[in-house]
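1. Next input, structure requested:
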Amino acid sequence: MQLIENILLAVSGLRSNKMRALLTMLGIIIGIGSVLTIVTVGDSMTASVTDVMNDMGANSIQLGLVERPDENGEYRGHVSGASSGPPEEDLITDEMILRYREAFAGQIQALALSDYTGSGQAKNGRNRASCDVQGLNADAFGTVNVDIIAGHFLSDREVDGGKNVAVISDKFIEKLFPGLSPQDALGREIKVQMGDEVQTFSVTGVYRYEISGMMQVMTGDVSTTVYIPLTVSRKITGNSPGYSYMQIKAANGVDLEQFRQRSKEFFARFYRGNLLYDIEAYSMDSMIGQMTGLLGTMSIAIGIIAGISLLVGGIGVMNIMLVSVTERTREIGTRKALGAKNSAIRVQFIVESMIICLIGGAIGVLLGTGLGRMGSTLLGFPGWPSASIVIIAVCFSMAIGIFFGYYPANKAAKLDPIEALRYE
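-> So this is what the prediction gives:
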């Protein structure tokens with residue numbers, strides 16, 4: 001019964017000083033709201049990044065050249081000027097790839113080779129469409145994860161024959177040929193201005209343009225990729241007929257980590273005597289783990305910084321409680337004169353402090369939930385804060401009420417009743 005009376009007294013005190021109570025709660029509200037928002041948005045970012053990287057191929061590895069440091073830990077590639085890209089004699093050759101395919105026959109589902117051609121702009125009368133042009137081999141279809149909705153992806157015949165064909169997105173069609181269906185776009189010619197030259201391609205395939213919410217926020221959704229045969233890209237760029245990077249998709253049932261290690265060891269044999277470059281291989285699973293770990297660490301760090309406002313809010317609660325003790329000195333003296341124990345006075349003020357923090361925490365939870373939902377929706381992965389985080393936030397706000405309310409409560413409990421009754 002005494003606890004209920006203390007709660008009613010605390011609520012009555014808050015009602016009589018609404019503005020002061022709200023300002024006191026402000027630090028708690030901001031702190032709890034910030035933490036919940038950060039956690040929710042952080043979870044959404046992690047889900048978004050994981051989804052993007054899974055689209056790149058969760059069961060694939062990235063294998064490529066890395067600069068080899070010397071005995072002093074310095075990169076000789078920078079000294080020799082090779083930092084602009086490996087010279088032709090250091091690139092992975094078609095012969096190496098052929099021997100790799102033979103050695104790992106049955107374990108490789110796709111081996112994607114690429115060459116970045118450049119960015120450009122396609123024109124059709126007054127219509128414009130920005131694009132990034134990328135050369136791929138036919139095997140890349142197994143790694144880029146595009147959904148072909150009309151026509152077909154690049155074929156071996158088109159790549160080997162150096163055909164000027166292209167696979168474009170439905171969004172690219174919307175911008176360049178408004179009102180034209182993907183099926184009707186097949187066979188159309190597109191002219192892409194790349195630097196001082198105009199490249200002409202015939203459309204043989206159309207894919208559905210998809211982008212995660214996070215990537216859309218980052219890129220602004222202004223450009224799509226045009227895929228052309230690798231051989232055509234090499235003619236345009238004049239790049240060496242070798243490779244510094246490739247993506248390999250393992251067949252179903254293959255142990256990805258073992259596959260990664262064996263693939264690295266296979267290509268590393270060709271670079272044992274190379275002073276500038278070595279081979280490194282990364283599995284997409286490990287990259288996803290590293291990325292989610294990094295995002296988790298960032299969320300924790302930012303959450304801790306946001307949590308500092310909780311401490312500031314706690315100090316504000318302590319300050320107001322000290323003021324409350326001073327204002328109610330005669331009341332405390334009267335209660336003690338009537339026989340109230342020190343513990344009863346102490347509990348009264350601690351309960352009042354807890355009620356302030358609990359209400360502030362509840363408002364903070366509502367604020368953080370709303371902002372977190374809004375932020376995660378913008379990233380394309382709408383989410384809610386987990387129940388455990390909400391419970392921890394509310395309990396933490398109550399703990400702040402106890403911690404910062406104890407000193408004022410203890411000060412009130414130790415007041416001398418005679419001196420308190422004399423207080424004006």
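
2. Now do stretch 112-121: distance to the chain's middle.
-> Centroid displacement of stretch 112-121 relative to its chain, using C-alpha atoms, centre = their mean, to the nearest Å, is 26 Å.

3. ok, and for that stretch, which residues are buried?
-> Ala112, Leu113, Ser114, Asp115, Thr117, Gly120 (16 or more other C-beta atoms under 10 Å). Quick note: C-beta positions are derived from backbone N, CA and C, even for glycine.

4. Please write out the alpha-carbon positions of that stretch in CSV.
-> Taking Å, rounded to 0.1, in the frame of the first residue of the first chain, the C-alpha atoms of stretch 112-121 are listed here in CSV:
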residue,chain,number,x,y,z
ALA,A,112,33.1,-14.7,-64.2
LEU,A,113,35.6,-12.5,-66.0
SER,A,114,35.0,-8.8,-66.3
ASP,A,115,36.4,-5.6,-67.8
TYR,A,116,35.1,-2.2,-66.8
THR,A,117,34.5,-0.4,-70.1
GLY,A,118,33.5,3.0,-68.6
SER,A,119,30.6,5.2,-68.0
GLY,A,120,28.6,6.9,-70.7
GLN,A,121,25.3,8.3,-71.8
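
5. Need the residues that contact that stretch.
-> 97, 128-137, 139-140, 142-144, 192-195, 199, 223, 228, 230, 233-234, 236-237, 239, 243, 245-249 (C-beta atoms under 8 Å, 6 or more residues apart in numbering).

6. One more pass at 6 Å, please.
-> Applying C-beta atoms under 6 Å, 6 or more residues apart in numbering, the contact partners of stretch 112-121 are 128, 130-137, 139-140, 143, 192-194, 230, 233-234, 236-237, 239, 243, 246-247.

7. What average pLDDT does that stretch get?
-> Stretch 112-121 comes out with an average pLDDT of 90.

8. Ok, stretch 155-173 next?
-> 93.

9. Equivalent analysis for stretch 326-344, please.
-> 74.

10. which residues touch the nearest residue in space to Ser244 that is not next to it in sequence?
-> Nearest residue to Ser244, sequence neighbours excluded (C-beta to C-beta, 6 or more residues apart in numbering): Leu65, at 4.7 Å. The contact partners of Leu65, taken as C-beta under 6 Å, 6+ apart, are Pro86, Ser244, Tyr277.

11. now, which of those residues sits nearest Ser16?
-> Ser244 (73.2 Å; C-beta to C-beta).

12. wait, doesn't the closest one sit right on Glu88?
-> No - using C-beta atoms under 6 Å, Ser244 is not in contact with Glu88, being 10.5 Å away.

13. These two: which is more packed in?
-> Ser244 (15 against 11; other C-beta atoms under 10 Å).

14. Roughly how far does that one sit from Gln62?
-> According to C-beta to C-beta, to the nearest Å, Ser244 stands 12 Å off from Gln62.

15. now swap in Arg346 and tell me
-> Arg346 is 63 Å from Gln62, by C-beta to C-beta.

16. and the residue lying closest to Asp147 once chain neighbours are set aside, how many neighbours?
-> With C-beta to C-beta, 6+ apart as the criterion, Asp147 has its nearest non-adjacent residue at 4.4 Å, and that residue is Arg208. Neighbour count for Arg208, taken as other C-beta under 10 Å: 13.

17. is it true that Arg208 touches Ala150?
-> No - between Arg208 and Ala150 there is no contact, the gap being 9.6 Å when judged by C-beta under 6 Å.

18. Show me what counts as buried in the strand or helix carrying Val159.
-> Assigned by DSSP states H and E, Val159 belongs to helix 156-160. Using 16+ other C-beta under 10 Å as the test for burial, helix 156-160 gives Glu158, Val159.

19. Need the contact partners of that helix.
-> Counting by C-beta under 6 Å, 6+ apart, Asn137, Ala138, Val165, Pro229, Leu230, Thr231 sit against helix 156-160.

20. swap the cut-off to 10 Å and go again
-> Defining contact as C-beta atoms under 10 Å, 6 or more residues apart in numbering, one finds that helix 156-160 is touched by 113, 135-140, 152, 163-167, 202, 204-205, 228-233.

21. Just the pLDDT for Ala387.
-> 81.

22. now swap in Ile38 and tell me
-> 81.

23. and whichever strand or helix holds it, what does it pack onto?
-> When elements are assigned from DSSP H and E, Ile38 belongs to helix 18-55. Applying 3 or more C-beta pairs under 10 Å, 6 or more residues apart in numbering; DSSP states H and E, one finds that helix 18-55 makes contact with helix 2-16, helix 213-219, helix 284-327, helix 342-378, helix 387-413.

24. Pipe those into JSON lines and attach distance to Gly33 and mean neighbour count per row.
-> Output for these, formatted as JSON lines (distance: least, C-beta to C-beta, whole Å; neighbours: other C-beta atoms under 10 Å):
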{"stretch": "helix 2-16", "distance to Gly33": "20", "mean neighbour count": "13"}
{"stretch": "helix 213-219", "distance to Gly33": "22", "mean neighbour count": "15"}
{"stretch": "helix 284-327", "distance to Gly33": "9", "mean neighbour count": "16"}
{"stretch": "helix 342-378", "distance to Gly33": "4", "mean neighbour count": "21"}
{"stretch": "helix 387-413", "distance to Gly33": "9", "mean neighbour count": "19"}
